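Participant: fold the following and give me the result.
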Amino acid sequence: MIAAAAFAGAGGLRALHARHELAVVRRSAERLIAQEPHSVETSLLARWRSAELTAPASRAALAREATRVVRLLDPASLPTASPLRRVAGRRSEDLLSQLAARLADDKPVTARGVLLARQLLQDPAGPLYSDESEHLLPHALKRVLWVLEP
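Facilitator: All right, here's what the predicted structure looks like:
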């Protein structure tokens, strides 16, 4: 019984360690993609992560997140604990909807664009959440939409 528990614990620790290592490798590949988008062809690591980022499942999840943000901006919905700048977001709602639609369609996108979209939607210090969002958000959304194009 004790041996089984020890093996289960060791297996759990090994799985946690593997998950951590994979996250580190992904972050390294993302830095390559973000910093050197034109040398992606030269790095097997960057190609692997690019394929992962631009996969239909990854794009669909990000499109759902963008759609969720658009729903949260609806004046009829009750405010949530989210620090989302709703008034500024409403002014860019059409661009957010375009982003959701672009991520959901079947046309190819760049991995760098997916990274920028993810950062825009998830970064608490980003333009969706910052006090300067009225000025920054439309420009950031236009940039993401532009960079998504191959």
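
Participant: next SSE after the helix or strand bottoming out on mean pLDDT in the chain?
Facilitator: Lowest on mean pLDDT, DSSP states H and E among the helices and strands of the chain sits helix 2-35, with a mean of 69. Note on helix 2-35: by DSSP states H and E, the next helix or strand toward the C-terminus is helix 44-53.

Participant: tell me what that following helix is packed against?
Facilitator: The criterion is 3 or more Cβ pairs under 8 Å, 6 or more residues apart in numbering; DSSP states H and E, and the helices and strands that helix 44-53 contacts are helix 2-35, helix 111-122. Heads up, the C-betas are built off the backbone N, CA and C, glycines and all.

Participant: try 10 Å
Facilitator: In this structure, helix 44-53 makes packing contacts with helix 2-35, helix 56-73, helix 111-122, judged by 3 or more Cβ pairs under 10 Å, 6 or more residues apart in numbering; DSSP states H and E.

Participant: that one to helix 56-73, inter-axis angle?
Facilitator: 50 degrees (axes from the mean of the first three to the mean of the last three Cα atoms, to 10 degrees).

Participant: which residues touch residue 76?
Facilitator: Counting by Cβ atoms under 10 Å, 6 or more residues apart in numbering, residue 76 touches no other residue.

Participant: find the nearest non-adjacent residue to the most centrally placed residue in the chain, please.
Facilitator: Central residue of the chain (Cα atoms, centre = their mean): residue 118, 2.0 Å from the mean position. Nearest non-adjacent residue to residue 118, counting by Cβ to Cβ, 6 or more residues apart in numbering: residue 62, 6.0 Å away.

Participant: what's the answer for residue 87, then?
Facilitator: residue 134 (7.8 Å).

Participant: just the element for the one you found, please.
Facilitator: For residue 134, the host element (DSSP H and E) is helix 133-148.

Participant: tilt between that helix and helix 111-122?
Facilitator: If you take the same axes, to 10 degrees, helix 133-148 sits at 160 degrees to helix 111-122.

Participant: buried stuff in helix 133-148?
Facilitator: Residues of helix 133-148 classed as buried by neighbour count (16 or more other Cβ atoms under 10 Å): 133, 136, 137, 138, 140, 141, 144, 145, 147, 148.

Participant: and if you look at stretch 49-57?
Facilitator: Across stretch 49-57, burial judged by 16+ other Cβ under 10 Å covers 49, 50, 53, 54.

Participant: which of the buried residues of helix 133-148 sit farthest apart?
Facilitator: Greatest spatial distance among the buried residues of helix 133-148 (Cβ to Cβ): 133 and 148, at 20.5 Å.
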